[in-house]
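Engineer: Quick one, what's the 3D model for this:
(chains A and B)
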Amino acid sequence: MQTPEHSPLFDALATATSAAYRSAVIRLPPDVLAVIKRAAAQETDEVAKGEFANILANIKTAERLGVPMCQDTGVPVVYLTIPKEVPLTQELYDAVAEGVRRATEAIPLRPNVVDPLTRHNSGDNSGSGMPVIHVRPGERLTVTVLPKGAGAENVSRIVMLLPSQKEKIPEVVTGTMLIAGGRPCPPVILGVGIGGTFDLAAALAKEALLYPVDTMTAFEQQLCDAVNRLGIGPMGLGGRTTALAVKVRTSSCHTASLPVAVNVQCWANRHATVEVKW
Amino acid sequence: MVTKEAVHLHTPLGDEVLALRAGDHVELSGVVYTARDEAHLRMQQDGIPFDPKGAVIYHCGPVVREKTIIAAGPTTSARMNSLSGFLFAKGVRALIGKGGMGPAVREQLKGRGVYFAFTGGCAALAASHMKLVGEYFPDLGMAEAVWAIELDRLPLVVGIDSAGNDLFSEVENRARAAAGAGPAEKCTDK
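Structural biologist: As a prediction, this is how the structure comes out:
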């Protein structure tokens, strides 16, 4: 079979996607590492200290051996920024998918992507609607990969509050963790999307996970403190830190609406960005 | 890498597991067997392909390449809540997973065995304590197959002990009280 000819842009974007995937699954961004270390130092519970010791040893081992830190290497969620000289064409989507397939083979990643009804596994982490790709205009062409594991994703939720229920937002956030318990691999990082529409709130919640987690607004800190008062602790075994950080993104919404989405992320808030040059 | 003195155990496990208490740290060595949803269903139908007496089941779908374990952290055990009873009846002594299990499993473990928690996401650390020694049901695919893995001092915590103490449900009850919430939802049976 003849190998199809690809443009330099296709090759560069595919290569950058694969590189970003590799970086994301093997090592954590510095801000994420910093909040984990800070929480570990503040822990007093014996069991929780042991969990943090394992987490820190795991981060070191993954980096030393160049292997994924978690066997759930997630499904690919990709954010592209596109400068005006790059036309938004199908080629960009195809190149990202090609990068995901290459990463699956090369790193390797666990093949996690299946048909939702037949459960047939594509074997390469691509499929209908996969990778998930969000596109924004930007100064430079960049690709960000956020591999999302199922343990945390499965306990995420969206609630359509009434406009008069603004004070219930903290309850939505803590209630999400109360139901989730130890299953999403706490200490978690929570992305909260407020406003927009049913679908946009969920997208905002996920995008919030890309923002620096070592600083919080007063509102974010208030939500984080409320979650930590639950005492769920690392892995649901009890302890001071249930949430390492809460990050909030907002968008304008209908005057009759107040969507609130909580995207739960495990302690490994994996993501990496690579600039594409071609 | 545990912070208080750990109990060393070796598979196959016997009555020594009955002395363990929730919250104890353990370092486990010897062969364990991975199993997720599909493997449990297959074992119920076709039988257990290894000697279950004193065996340990690890809820895990590893990344394996060329007979080497690359990454092998625990998966959410609650998915196997309704699938585990037959294992204890056949002599299985312990499960390893994350997130805890439901009340039915807590009852099944009484006087028989324990549930060990391993830290979720710590797949590289786990793999550094492991050697692959066998495979059953390869047709189920990499994540769902049963892999026989030899452990070298994997650091674990006793989450549920054989006396019915359950760290996860204790923590959950405290969390619900802290939130002023009602009785626990049956979320762990999902």
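
Engineer: Mind giving me the packing neighbours of the lengthiest helix in chain B?
Structural biologist: Using DSSP state H, we find that the single longest helix of chain B is helix B:167-178. With contacts taken as 3 or more C-beta pairs under 8 Å, 6 or more residues apart in numbering or on different chains; DSSP states H and E, helix B:167-178 sits against strand B:146-160. No exception for glycine: its C-beta is placed from N, CA and C like everyone else's.

Engineer: one more time with 10 Å
Structural biologist: Where contact means 3 or more C-beta pairs under 10 Å, 6 or more residues apart in numbering or on different chains; DSSP states H and E, helix B:167-178 is packed against helix A:169-180, helix A:218-228, helix B:103-109, strand B:114-117, strand B:146-160.

Engineer: got those as CSV, with mean neighbour count columns?
Structural biologist: Listed next are the helices and strands packed on helix B:167-178 as CSV, based on neighbours: other C-beta atoms under 10 Å in any protein chain shown:
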stretch, mean neighbour count
helix A:169-180, 21
helix A:218-228, 18
helix B:103-109, 18
strand B:114-117, 28
strand B:146-160, 23
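
Engineer: Can you add distance to A:Asp72 and give these back as CSV?
Structural biologist: CSV is the format used below for these (distance: least, C-beta to C-beta, whole Å):
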stretch, distance to A:Asp72
helix A:169-180, 16
helix A:218-228, 22
helix B:103-109, 22
strand B:114-117, 17
strand B:146-160, 16
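
Engineer: for these, which one sits closest to A:His120?
Structural biologist: Smallest distance to A:His120 across the helices and strands packed on helix B:167-178 (C-beta to C-beta): 21.3 Å, for strand B:146-160.

Engineer: distance of the closest residue to A:Ala24 other than its chain neighbours from chain B?
Structural biologist: Counting by C-beta to C-beta, 6 or more residues apart in numbering or on different chains, A:Ala272 is the residue found nearest to A:Ala24 once chain neighbours are left out, at 4.0 Å. Going from A:Ala272 to chain B by C-beta to the nearest C-beta, to the nearest Å gives 17 Å.

Engineer: the helices in the stretch 1-150 of chain A, which residues?
Structural biologist: Applying DSSP state H, counting those that start in this stretch to the stretch 1-150 of chain A gives helices spanning A:8-26, A:30-42, A:46-65, A:90-106, A:150-153.

Engineer: Now do the fourth one against helix A:8-26, angle only.
Structural biologist: With axes from the mean of the first three to the mean of the last three C-alpha atoms, to 10 degrees as the criterion, the two stretches helix A:90-106 and helix A:8-26 enclose an angle of 40 degrees.

Engineer: which residue does the stretch 151-278 of chain A bring closest to chain B?
Structural biologist: A:Cys185 (3.5 Å; C-beta to the nearest C-beta).

Engineer: check which helix or strand covers that residue.
Structural biologist: Following DSSP states H and E, one finds A:Cys185 outside all helices and strands.

Engineer: tell me the contacts of it?
Structural biologist: Shown in contact with A:Cys185 (C-beta atoms under 10 Å, 6 or more residues apart in numbering or on different chains): A:51, A:55, A:70, A:72, A:149, A:151-152, A:234-236, A:264-268, B:73-74, B:76, B:98-99, B:119-122.
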